[in-house]
Structures are given as structure tokens and as C-alpha cells.
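> Dropping a prediction and its sequence here:
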Amino acid sequence: MKVIIIGAGVLGVSAARQLAVAGEEVLLLDRSGPGTGTSATTFAWTNSSRKPDPDYHRLNLAGMEEHRRLAGQLRGAPAYFPSGALQWADAANEQRLAGNVERLQSLGYPAHWVTPDEATRIAGDLRIPATITSIAHFPSEGYVLPDLYVGNLLADAERHGATCAIGEVVAIDEGPDGVSVTLAGGEVRRGDRVVLAAGRWTERLAARAGIDVPMVTDAGRGAPTVGLLGYARSPELGLRCVIHSPGLNLRPAAGGRTVLQALDLNADVDPDDPPSADGPLASTLTRRFSALLTDPNRAPEIDLRVGFRSLPADGHTIAGYASARSRVYCLVSHSGVTLAPILGRLVATEITTDQEQELLRAFRPTRFAGGRRSDIEVDQRATGLGDQ
């Protein structure tokens, strides 16, 4: 079977690897290169911490476990780190944190309280402000280095025979004997199946094939798809896990660098006028970061990057054929980094065996059939959107 995968982000590359390992002929297409879209601008926290929807929680748990399994199979430098995560709360947020810890403990999700001294030993080179009143530890969580992770997956896919090519898909056509994709310039590639894993461009490409995949497409100022990340080049920290503190989230990056996320600042981000390195958003991010440093007098050097989330209309993953007779398999998720390894394996299994995978049953694109767009809303609390 020949499978054409459109989109070489973390989901498309994961599916490509699994299909190639299964012995299928795989062509992976991306218009700008592997991992250069949403996968390049993600906080990359692996978790199921704030996803109360039962089906979505189970899928994310499976994603976390699959990361641990896959880490032992991939060659290359480690890209997945089961570091655990700490969530700090001040007086204004301690009740919310306590409620979430209680909920997760009732589900058997590893979560427990730690003292500031214990948190410092877990976290590494950070100062815990005196305003922090409670700290929870989530030892099963972790993070991914997205560029390295995509590279390791792609290298393994190619070792198993997959081919990756640059090309912008402008049309998808299904016929009685297969499915074809047309590239800008007129070249046509034919296959038996297409996996549409084009991230935030999925709705537009699906529509060209007559398929409705409802997504949040607004990418203007303050849209829920828009996110700001800071990449601190200095000071180099010995940060050892993911941190969620009031006003700032942090995770380690390569070479002692740190990725910063301040979710409340997203509302002021205008992609048409990106924040400057000396502007107010950069100043706010720098001030918050400095407040957590053991030496607050060291001036951080922070690069800013605006990213765009891949966000299905109801916030939940979409995974499945467009219809019972379709040869186009739609794959898009807001939780792409956490779910990439498990979605890659389950999608490949469904395509190669035609056997429905139970974990994906609640996430078919057909769930939107017959509904009105105005009736579909993202529940940020149920999907974890506010925490990515």
C-alpha cells in the first residue's frame, strides 16, 4: 500500500515512521520542511494534567506511556525527557491547584504535594518566591525537544524506506482506484491512502477535497490559536523539569537554555505586528523570568517567537477517515506533542489493518456531521488549551 502523508510536523512524521516500520510505501510531503510549522513553536509539555474529558484524558495518558516506550527505540540524541513537572500556586491560585490535584489523585494520576525545599531539589537552579503557598509535583510528566524529536522520527522513518519531499499540496482527489494529490506546479502524486496531517492548514486542504474538518482558523490579535514563546539564551540554568508558576511557565531546552510561556500575554500578541525584543511584552517576560532567578541582577537575553496552534473546533483531537468510504484519513490535534507517538501507532494500525482502535473512537471527524459551526465551541478547561 502506498500512503501519502501531507504535513511533516510531529503528527505526520510519527504516522510516517509507524507506517514505514509496518512495511508500507510512504511519501511524506511538506511545503516548507519537517517540523517547521506548529511543531517549531510549542511549549512541548507531555501531560494529561488538566484534561478532564475522560476520553481525552485516556488518550493523553496513552501518549505519555508511548513516549516512554518509543524512547528506547529511536536512535539519535535523547529528545524526550520524563522530568516530571511542578506547579506552584500563590494565594489566588491555590484552591484551583488543590482541586486539580484531588481530581487527578482520584484517577490514579501521580500527583502529590512537596515542600519548597523538595521543589528546589527537583527543579534545580530557580528561586521560589515567598508568595508561593503550595507546590504540587507530577512525576510522570515531562517535555520534548521538538526539533530533535521530529528529526529522530524522520531519520527512523527514512531508514525504514519512507521518502520525504518538499511540495505544496493544492488539491486532493479521490477516485475509484485510489487517491491523488496535486502539487503547486501541476505535479500529481498517486497513492492508496492519504493522511491529512497539515496542522492549522488542515481545514483549508480538506475543503479542497470536499471534506469538512471544522477548526478554529482565526489567527488575528488575541485569537486562541496565537501563542507567544520566549527562548532565553542566558543565563544558562540547570533547570531539571517543567515549571508552572503564577505568570510564567518554564521548561528546559538544549544547552542550558529555557523556554518561557506567559499565557496571559497571548491576548496582546498581534501576528501582523510581532512583539519586538525591546517592547512591552518582552519587558514583562524578562521581569517575570528575572524574579525566579537565583541571581535576579543578571539580565536575561530572550528571543521571542509567535506560534499558531492547530486547534480543532471543539478543542479535541481529530483522527479518522473523512467518511466510511473515504481514502483520506484526517489527523490533527492541539496536544500534538503529547499524543504524537500514540496517534502515530494507532493511525498506522487502522490504515494497515482496517481495525478500529478503541482509543480513537471518540475523535472521528464524522462527529461534526450535521452540526452547525456556531454550535461548536472550544472548551478551554476541558481540553487543557489554557495550559499548553
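Noted; the coordinates are in hand. Residues are numbered from 1 along each chain as shown.
> Just give the number of residues close to the nearest residue to residue 233 once chain neighbours are set aside.
The shortest distance from residue 233 to any non-neighbouring residue, by C-beta to C-beta, 6 or more residues apart in numbering, is to residue 301 (4.5 Å). Bear in mind the C-beta positions are built from the backbone N, C-alpha and C, glycine included. Residue 301 has 13 neighbours, counted by other C-beta atoms under 10 Å.
> Over to the one 3 residues further on?
Neighbourhood size, residue 304 [other C-beta under 10 Å]: 18.
> What pLDDT does the model give it?
The per-residue pLDDT reported for residue 304 equals 96.
> And for residue 375?
For residue 375, the predicted pLDDT is 52.
> now do residue 40
83.
> who's in contact with it?
Listed by C-beta atoms under 8 Å, 6 or more residues apart in numbering, the contact partners of residue 40 are 146, 147, 307.
> now do residue 320
329, 330, 350, 360, 363, 364, 365, 366 are the contacts of residue 320 under C-beta under 8 Å, 6+ apart.
> can we see that at 6 Å?
364, 365 (C-beta atoms under 6 Å, 6 or more residues apart in numbering).
> Tell me if it really is in a strand.
Yes. Judged by DSSP: H, G, I helix; E, B strand; the rest coil, residue 320 forms part of a strand.
> That one and residue 306, how far apart?
31 Å (C-beta to C-beta, to the nearest Å).
> do residue 167 as well
For residue 167 relative to residue 306 (C-beta to C-beta), the value is 26 Å.
> about what we covered before: okay, and the beta partners of the residue nearest to residue 233?
Taking DSSP bridges as the rule, residue 301 bridges to residue 234.
> isn't it right next to residue 236, touching?
No. Between residue 301 and residue 236 there is no contact under C-beta atoms under 6 Å: 10.5 Å.
> most remote residue from the chain's center?
In the chain, the residue that sits farthest from the middle, by C-alpha atoms, centre = their mean, is residue 176; the gap is 35.0 Å.
> Tell me the backbone dihedrals of that residue, please.
Torsion angles at residue 176 (phi, psi; degrees, to the nearest 10) stand at phi -70, psi -20.
> Which residue ranges of the stretch 151-300 of the chain form strands?
163-166, 169-175, 178-183, 188-191, 193-196, 226-234, 242-245, 248-252, 258-261 (DSSP state E, counting those that start in this stretch).
> can you redo those as a markdown table with mean neighbour count and distance to residue 112?
Formatted as a markdown table, the strands of the stretch 151-300 of the chain follow (neighbours: other C-beta atoms under 10 Å; distance: least, C-beta to C-beta, whole Å):
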| stretch | mean neighbour count | distance to residue 112 |
| --- | --- | --- |
| strand 163-166 | 14 | 43 |
| strand 169-175 | 17 | 47 |
| strand 178-183 | 19 | 49 |
| strand 188-191 | 16 | 49 |
| strand 193-196 | 26 | 40 |
| strand 226-234 | 19 | 29 |
| strand 242-245 | 24 | 15 |
| strand 248-252 | 22 | 20 |
| strand 258-261 | 23 | 24 |
